[in-house]
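Participant: Show me the folded form of this:
(one chain, ligands or ions: 1)
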Amino acid sequence: MKKTFVIFGQKVQVQYSKNSIVDETGKHLSGFFNPQMRMIVIGPDTPEEMALTLLHELFHAVVYRTGAAQIVSREAEEILCEAFANFVFENFDFKKSKKSKKVTRSKK
Ligand SMILES: [Zn+2]
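Facilitator: The predicted structure follows:
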């Protein structure tokens, strides 16, 4: 899976962890975004769940980069990230994304 994304000119690295992720309170996490390190970590899961988690965390990075994280509550941010991740997952084909032909945009 892709390891570097550019979000508004800033690179975000993605690490795929072989071990499951547990936060400081002992709660299991599917993944997380660390804004200071500009890094996303994705835990092991089914390919579909990992794609959804990656999208979710990427949207956290987008929210962070836009500055919206400062005015949106943590709860609202979670709902938005989850909603956008599911929307993209439902409407774009991730199974073919590995070797698919590049999406060419028609200019209009
Ligand atoms: Zn989240």
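Participant: Distance-wise, check the spatially closest residue to residue 29 that is not a sequence neighbour relative to residue 36.
Facilitator: Nearest residue to residue 29, sequence neighbours excluded (CB to CB, 6 or more residues apart in numbering): residue 21, at 4.4 Å. C-beta here means a position set from N, CA and C on the backbone, and glycine is covered the same way. According to CB to CB, to the nearest Å, residue 21 stands 17 Å off from residue 36.
Participant: the more surrounded of the two?
Facilitator: More crowded of residue 21 and residue 36, by other CB atoms under 10 Å: residue 21, with 16 against 5.
Participant: if I read this right, the more buried one contacts residue 28, doesn't it?
Facilitator: Yes - taking contacts as CB atoms under 8 Å, residue 21 lies within contact range of residue 28: 7.1 Å.
Participant: For the ion, see how far away the residue nearest to residue 29 is.
Facilitator: Distance of residue 21 to the ion, computed by CB to the ion, to the nearest Å: 12 Å.
Participant: Okay, buried residues for the longest helix seen in the chain please.
Facilitator: When the chain is parsed with DSSP state H, its longest helix is helix 47-66. Within helix 47-66, the residues scored as buried using 16 or more other CB atoms under 10 Å are 50-65.
Participant: Tell me the one of those nearest residue 41?
Facilitator: Each of these was scored against residue 41 by CB to CB, and residue 57 proved nearest at 8.1 Å.
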